[in-house]
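Visitor: coords please:
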Amino acid sequence: MRGRLTPGLVALRMTGLAALALLLWNPAVTRPVPASARPLVLLDASLSMTGVGARWSAALDSARTAARGGVIWRFGSGVAAFDSAPPADGASDLAPALAAAAGRGGPVVIVTDGAIGDLANLPADLLARARVIALPRPPFADAFLADVAGPHRAQPGDTVSLRVTVGTAGERWTGARNATVAVLLGTRRVASQAVALPDSGTLSVDLALPVNRLPTGWSALDVRLTGVTDPEPRDDARRFVIDVTPEPAAVLLAAPPDWDARFLARALSDVARVPLRTFVQPEPGRWRDAGTLAPVSPEEVSRAVGAARLVVLAGDPARWRDVHPRGALLTWASGVGASGDWYVEPPLPSPIAGALAGIAWDSLPPVAAVSDLPRDSGASTVLQAALARRGAPHVIAVLRETSAGRRAAVGAAGLYRWDFRGGAAGQAYRSLVAGLVDWLLAGRGGSSEWAAPMAGDVANGLPVEWRWTGPGAPRDIAIRLDAGSGPARLDTLRFGAGGRAVLRLAPGAYRYALADGRGAGLVAVDEYSDEWRPAVGVLRSRPGGGAPARGTIDWRERGWLFLAALAAFAAEWAWRRRLGLP
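Guide: Numbering: from 1, shown residues only. Prediction:
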């Protein structure tokens, strides 16, 4: 039989095997993309394309003409498929779209007003190859109100200090210099402050807002720059969301202040649904307000502690002996203990064990020091830690019911490392704080939210970001948003592994409510955007150039190779059958 094999059969077998080997290996081949390939047009869809003097209609026509049957993508705060709807993005970020276009291959055309916000992040070689069609806006002088900063929670009788940033941009400001920053609740003015506008740039002005002029609950204040006239009025106002509650505040006493107290204050402000006041004692016997560092008398601290629903004592226990809270108490002994690398073990059964479920305890950073808490038969042990993961564990967190109220104690320094690392470790830290606060305030209306907005108000065209503040691992939760006119919007907050979710909302003030009563509040989206302000164009029209674009093709994309392998094996089989070979 072997003698009847012919060179033709061998050639067919080798051809089929070679084609099959190329298909299995599948090497990629780089080749120049012909200039006749269909272009990809990147169309700027940021809000500046509909600002003063913008030419959105001309940009649409230019994009359609440049495409010549190709593809058009919109870019701004993200990358999206083409549609002719007016621009709605609050940023002009070109880098993501340019990177995606490079992977596609072919000629690239950019249609923009030239005001790109991420020029420093653009790959120079990719930008050099792209053709740019710039439709710049004409210069104009503009006065604006850029930002409002201040506390978002207050009590009746307080005076809130708002820091307002105003400025001018574009051409030299020749309009009225004397303006007024007014705070409006609906149509009623509740505070105002005179301000002298600069020739260019920004300045900040502090404005005192008496809280007794505001209603109890959530309010969206309109902070507006008045007394000036400019071509762009949409950047002359910002919203500021504030919650006025008559409930006693939570009080944090840090004696002495340290990193644990600092991170604990931030976490408490997120998870405790009452206003938080923080006092620090940098030296024994002398208290200061943590926000302003103004001296505070011991009598004022005692009054705040006596009225508080929740008192948190952080630092050295020796400095707390004269503090006698009436409500719930959390002690966080971060100033004493045996130092070393103490690793926290999985939680024991306790009233807050459910809030700590799903945490990867083996991946958490060690704490710096541990002060062993007494093992009380009447207390519930929450957490234990072992030095270098060896030896007998030490109790570092307990819960206790007393006749004076609920008490929780944490005896560990360096737990802030969890929050500092962020990600899953940061979520574990917040889950622990939220679980303790929930248990301490249970039955007294102090339950924490499961999700909260990252900021009470955001600029036009930017998403509203939410962070998970509830117990355990982040999970999706339904939300209802009511703008006060029209039907309410029902949506779902979908949290990623980092505990973040986003929603895109049109300008307005929205009262939100999470499913199952897991939180409620107010969030606002401004008409303001940085995109409305005049900006220098950093991209100018040019034909493009540089090295020709190159694309890649895999051997499996070559259909003839499959046909060659099939034909070679089929021909060999037919020839062998004709010769009588098996």
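Visitor: give the next helix or strand downstream of the worst-scoring helix or strand of the chain on mean pLDDT.
Guide: When the helices and strands of the chain are scored by mean pLDDT, DSSP states H and E, strand 550-554 comes last with a mean of 58. Downstream of strand 550-554, the first helix or strand assigned by DSSP states H and E is helix 559-579.
Visitor: quick check: mean pLDDT across that next one?
Guide: Throughout helix 559-579, pLDDT has a mean value of 80.
Visitor: what distance separates that helix from the middle of the whole chain?
Guide: How far helix 559-579 lies from its chain's middle: 59 Å, per Cα atoms, centre = their mean, to the nearest Å.
Visitor: so for that helix, what gets flagged as buried?
Guide: By 16 or more other Cβ atoms under 10 Å, the buried positions in helix 559-579 come out as 561, 564-565, 568-569, 571-572, 576. In short, each C-beta sits where N, CA and C put it, glycine included.
Visitor: for that helix, name the packing helices and strands.
Guide: Judged by 3 or more Cβ pairs under 8 Å, 6 or more residues apart in numbering; DSSP states H and E, helix 559-579 is in contact with helix 7-25.
Visitor: so for the helix it packs on, mean pLDDT?
Guide: Per-residue scores along helix 7-25 average to 79.
Visitor: and it, what does it pack against?
Guide: Using 3+ Cβ pairs under 8 Å, 6+ apart, helix 7-25 sits against helix 559-579.
Visitor: quick one: buried residues of stretch 244-255?
Guide: Under the neighbour-count criterion of 16+ other Cβ under 10 Å, stretch 244-255 has 244-245, 247-255 buried.
Visitor: same list, those residues, but as JSON lines with distance to Ala328 please.
Guide: Output for these, formatted as JSON lines (distance: Cβ to Cβ, whole Å):
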{"residue": "Val244", "distance to Ala328": "23"}
{"residue": "Thr245", "distance to Ala328": "17"}
{"residue": "Glu247", "distance to Ala328": "13"}
{"residue": "Pro248", "distance to Ala328": "11"}
{"residue": "Ala249", "distance to Ala328": "13"}
{"residue": "Ala250", "distance to Ala328": "9"}
{"residue": "Val251", "distance to Ala328": "11"}
{"residue": "Leu252", "distance to Ala328": "13"}
{"residue": "Leu253", "distance to Ala328": "14"}
{"residue": "Ala254", "distance to Ala328": "18"}
{"residue": "Ala255", "distance to Ala328": "19"}
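Visitor: which member of those residues is positioned nearest Pro474?
Guide: Nearest to Pro474, judged by Cβ to Cβ, of the buried residues of stretch 244-255 is Ala250 at 24.1 Å.
Visitor: what's the burial count for the closest residue to Ala434 other than its chain neighbours?
Guide: Nearest residue to Ala434, sequence neighbours excluded (Cβ to Cβ, 6 or more residues apart in numbering): Val271, at 4.2 Å. Neighbour count for Val271, taken as other Cβ atoms under 10 Å: 23.
Visitor: right, and Val271 touches Gly435 too?
Guide: No. Val271 lies out of contact with Gly435 (Cβ atoms under 8 Å); the separation is 9.1 Å.
Visitor: just the strands from the stretch 451-582 of the chain, written as ranges.
Guide: 451-453, 457-458, 464-468, 477-482, 489-493, 500-503, 508-514, 520-525, 550-554 (DSSP state E, counting those that start in this stretch).
Visitor: for the first one, buried residues please.
Guide: To tie it back to what came earlier, the one meant is strand 451-453. 451-453.
Visitor: so what does it touch, helix or strand wise?
Guide: Applying 3+ Cβ pairs under 8 Å, 6+ apart, we find strand 451-453 packed against strand 464-468, strand 520-525.
Visitor: list of residues touching it?
Guide: Contacts to strand 451-453, defined as Cβ atoms under 8 Å, 6 or more residues apart in numbering, come from residues 270, 464-470, 477, 479, 493, 495, 501, 514, 518-519, 521, 523.
Visitor: which residues are in contact with Val280?
Guide: Val280 neighbours (Cβ under 8 Å, 6+ apart): 253-257, 261, 287-290.
Visitor: gap between the nearest residue to it once chain neighbours are set aside and Val301?
Guide: In space, and not counting its chain neighbours, Val280 is closest to Pro257: 4.1 Å by Cβ to Cβ, 6+ apart. Separation of Pro257 from Val301 (Cβ to Cβ, to the nearest Å): 14 Å.
Visitor: ok, Ala434 next?
Guide: Taking Cβ to Cβ, one finds Ala434 at 26 Å from Val301.
Visitor: more neighbours, the two?
Guide: Ala434 (27 against 19).
Visitor: correct me if wrong, but that one is in a helix.
Guide: Yes. Under DSSP: H, G, I helix; E, B strand; the rest coil, Ala434 sits within a helix.
Visitor: surely it meets Gly470?
Guide: Yes. Here Ala434 lies in contact with Gly470, judged by Cβ under 8 Å, at a distance of 6.5 Å.
Visitor: where does the stretch 351-500 of the chain dip in pLDDT?
Guide: 442-448 (pLDDT under 70).
Visitor: returning to that earlier point: adding distance to Pro198, write the strands of the stretch 451-582 of the chain out as JSON lines.
Guide: Shown next, in JSON lines, are those (distance: least, Cβ to Cβ, whole Å):
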{"stretch": "strand 451-453", "distance to Pro198": "32"}
{"stretch": "strand 457-458", "distance to Pro198": "24"}
{"stretch": "strand 464-468", "distance to Pro198": "31"}
{"stretch": "strand 477-482", "distance to Pro198": "38"}
{"stretch": "strand 489-493", "distance to Pro198": "40"}
{"stretch": "strand 500-503", "distance to Pro198": "35"}
{"stretch": "strand 508-514", "distance to Pro198": "30"}
{"stretch": "strand 520-525", "distance to Pro198": "27"}
{"stretch": "strand 550-554", "distance to Pro198": "50"}
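Visitor: quick revisit: out of the buried residues of stretch 244-255, the closest to Asp457 would be?
Guide: Val244 (16.4 Å).
Visitor: phi and psi next, for that closest one.
Guide: Main-chain torsions, Val244, degrees, to the nearest 10: phi -100, psi 120.
Visitor: what pLDDT does it get?
Guide: pLDDT, Val244: 90.
Visitor: show me what it bridges to in the sheet.
Guide: For Val244, the beta-bridge partners are Ala154, Gly217 (DSSP bridges).
Visitor: show me what contacts it?
Guide: Val244 neighbours (Cβ under 8 Å, 6+ apart): 153-156, 211, 214-217, 219.
Visitor: swap in 10 Å and give it another go.
Guide: 153-156, 158, 160, 211-219, 275 (Cβ atoms under 10 Å, 6 or more residues apart in numbering).
Visitor: if I look at it, how far off is Leu221?
Guide: For Val244, the distance to Leu221 - Cβ to Cβ - is 11 Å.
Visitor: overlap in contacts, these two.
Guide: Joint contacts of Val244 and Leu221 (Cβ under 10 Å, 6+ apart) are 160, 214.
Visitor: what's the longest strand in the protein?
Guide: Ordering each strand of the chain by length in residues (DSSP state E) puts strand 159-170 first.
Visitor: now the most centrally placed residue in the chain: closest residue in space that isn't a chain neighbour?
Guide: The centre of the chain sits closest to Glu465, judged by Cα atoms, centre = their mean, with a distance of 5.2 Å. Leaving aside its chain neighbours, Glu465 sits nearest to Met454 (4.1 Å; criterion: Cβ to Cβ, 6+ apart).
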